[in-house]
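Enquirer: okay, sequence plus prediction incoming.
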Amino acid sequence: MKRNICKFVIIFIILQMVVVPLYAVDNVKLIDSQLSEKELVVKSNDKFLLDKDWYNYEFELNPNKKSGNLTLQTVDSQEYMKALEEIKIPLEKVGEYKVYFMDYKLKNFYTAMALSFQDGSAVVFGTYHKLSAEKIHQMAVHELGHNIDFQFMNKEKWREYKKLRGITNESSYNNSSKVYMNRPQEIFAEDFRLLFGGELAAKIPHLNRDLIHPSKVEGLRDLYLSILK
């Protein structure tokens, strides 16, 4: 009897030691900062790097987690998950999707709040101030819009999208533009947010305020639905 109890205790302890995602809803996994750090942070000489591939670009993390009396905090993952659950498409359509929450900020893109990657993941960086629910919902749905772009868009679909959206002038609208709001990939993610996000996600206006609201572009919603089939 005592031997069986010992076995049970050992198994229980091992199970407690297994690190699991913060949230897991079918194909969507939200991963806490502890596990995110273990998976994504690598030290190279005196640098802390984000171990994510983006055309061989090096994302350096700032190891200093304090600014004066302020300490970096992770974004509210419960609110983030709520934003994803309110999206007006079935989440299983996007396949496996991982969101890593970190209590780091980027050193070379200090103002970046999140980044999306082509491996079906997003990284959400820490913040010194608690974000509003609207801001979290905006970010969550916008980043998922990038994931949909990476998974489903191709040259032909991009031609169709740009023509429908009226952004075919590549001297003004290109993904290398210094005018961030004129980058087609950002416009695409914002259109997705406003067309398919929940009430809170749609409260913040489109990043590009020179363009008409995506709901007023005839055929745009149907184009998104067609690429998600």
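Expert: Arrived safely, thanks for sending. In this text, all values refer to a predicted model and were calculated from it rather than measured experimentally.
Enquirer: and residue 7, what's its pLDDT?
Expert: At residue 7 the predicted local confidence, pLDDT, stands at 48.
Enquirer: go on, the one 10 residues further on?
Expert: According to the prediction, residue 17 has pLDDT 42.
Enquirer: ok, residue 22 next?
Expert: In this prediction, residue 22 carries a pLDDT score of 62.
Enquirer: distance between the host helix or strand of residue 139 and the chain's centre?
Expert: Remark: residue 139 resides in helix 133-152, with elements defined by DSSP states H and E. Counting by C-alpha atoms, centre = their mean, to the nearest Å, helix 133-152 is centred 6 Å from the centre of its parent chain.
Enquirer: what's the spacing between the helix or strand that that helix is followed by and its chain's center?
Expert: The element immediately downstream of helix 133-152 (helix or strand, assigned by DSSP H and E) is helix 155-165. Averaged C-alpha coordinates place helix 155-165 at 23 Å from its chain's average position (C-alpha atoms, centre = their mean).
Enquirer: residues of helix 155-165 that come out buried?
Expert: In terms of neighbour count (16 or more other C-beta atoms under 10 Å), helix 155-165 has its buried residues at 161, 162, 164, 165. (Each C-beta comes from the backbone N, C-alpha and C, glycine too.)
Enquirer: and the last one, what does it touch?
Expert: Neighbour list for residue 165: 187, 191, 211, 214, 217, 220 [criterion: C-beta atoms under 8 Å, 6 or more residues apart in numbering].
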